[in-house]
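Asker: got a structure for you, letters missing:
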């Protein structure tokens, strides 16, 4: 695997952050086309391993995958560059959503958003077909993939995704013993187990300790609410919405109408769905809400990938 620079990673992910419409599933297709097919930063096998790991973890899978790809390409500076470049465009767009709302709510804006979703659908379909050819070359692996798809579609529950991953791994132990492993699957990480344990401990410490500090004021309570949402919810941005609504609307920080308007805006902008947190923070009283909110969601999603 060739190494790169943080500047290179930043520019590539900035382009993705400005053009990746369609939500987290579409982002995975964009990543595959840009970083596996075109630039060959990682192999098909490495991409599949990283994707499986990010899908298994709670929080935003596409942002986690981008962070991991930046880490492999340019070490820690590349990881941070990838995360910032991919997430900041959508966060900044949502900051300015209030001023642009009249233009986006008309027929022209609705038609443009629908067109972007159709383009994203084509990208997703292409990415799925390419990965299927590479990762499911025989009946056993194709059968496992098909069974996992049926289980997830029929259940509709976020936790079933974790169950499908576990069942797929178990089935693979018995059905794929003689399968030839994909070449190029080895990855050299720029850190050792010690760094991973330190970061995991920090993640748990914040998860346990922040609720004890919520009485210190609204900024801390706000930070804790969004850190908890980013750290505990499986299934991506849409699944986290009920918890966010309970936290911010129930507490009186944001009105129900503002919450729904922001959700609609988050659907229209490129980049990760969880940048919706930036909008919610900006709608709260005071000037520090957006920083605390976006920072909490960012920290929670980063710590889990170490």
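Answerer: Good, I have the coordinates. The structure presented is a predicted model; accordingly, all values stated were derived computationally and were not measured.

Asker: Would you mind giving the secondary structure of the residue lying farthest from the centre of the chain?
Answerer: Most distant residue from the mean C-alpha position of the chain: residue 178, 33.7 Å away (Cα atoms, centre = their mean). At residue 178 the chain is in coil, as set by DSSP: H, G, I helix; E, B strand; the rest coil.

Asker: Could you check how far the host helix or strand of residue 79 is from the centre of its chain?
Answerer: Applying DSSP states H and E as the criterion places residue 79 in helix 61-95. Its chain's C-alpha centre and that of helix 61-95 lie 10 Å apart, by Cα atoms, centre = their mean, to the nearest Å.

Asker: In it, which residues are buried?
Answerer: 61-75, 77-91, 93-95 (16 or more other Cβ atoms under 10 Å). Every C-beta, even on glycine, is put in place using the N, C-alpha and C of the backbone.

Asker: Would you mind pulling up the elements that it packs against?
Answerer: If you count contacts as 3 or more Cβ pairs under 8 Å, 6 or more residues apart in numbering; DSSP states H and E, helix 61-95 packs onto helix 6-19, helix 24-31, helix 44-56, helix 256-268, helix 276-283, helix 289-303.

Asker: please redo it, this time with the cut-off set to 6 Å
Answerer: helix 6-19, helix 24-31, helix 44-56, helix 276-283 (3 or more Cβ pairs under 6 Å, 6 or more residues apart in numbering; DSSP states H and E).

Asker: angle of that helix against helix 44-56?
Answerer: If you take axes from the mean of the first three to the mean of the last three Cα atoms, to 10 degrees, helix 61-95 sits at 70 degrees to helix 44-56.

Asker: quick check: mean pLDDT across helix 61-95?
Answerer: Helix 61-95 shows a mean pLDDT of 89.

Asker: ditto for stretch 175-194
Answerer: For stretch 175-194, the per-residue pLDDT averages 69.

Asker: Just the endpoints, please. Distance across it?
Answerer: End-to-end distance of stretch 175-194 (Cα to Cα, to the nearest Å): 35 Å.

Asker: quick revisit: lowest average confidence across the helices and strands packed on helix 61-95, which one?
Answerer: Ranked by mean pLDDT, the helices and strands packed on helix 61-95 bottom out at helix 276-283, with a mean of 79.

Asker: how much does it deviate in direction from helix 61-95?
Answerer: Using the same axes, to 10 degrees: helix 276-283 against helix 61-95 is 30 degrees.

Asker: what packs against helix 276-283?
Answerer: helix 61-95, helix 256-268, helix 289-303.

Asker: Would you tell me which of those helices gets closest to residue 197?
Answerer: Nearest to residue 197 among the helices and strands packed on helix 276-283 is helix 289-303 (12.0 Å), distances taken as Cβ to Cβ.

Asker: If you average the pLDDT over that closest one, what comes out?
Answerer: Throughout helix 289-303, pLDDT has a mean value of 52.

Asker: Give the full set of residues in contact with residue 14.
Answerer: residue 85 (Cβ atoms under 6 Å, 6 or more residues apart in numbering).

Asker: tell me the contacts of the closest residue in space to residue 71 that isn't next to it in sequence?
Answerer: Counting by Cβ to Cβ, 6 or more residues apart in numbering, residue 79 is the residue found nearest to residue 71 once chain neighbours are left out, at 3.8 Å. By Cβ under 6 Å, 6+ apart, the contact list for residue 79 reads 67, 70, 71.
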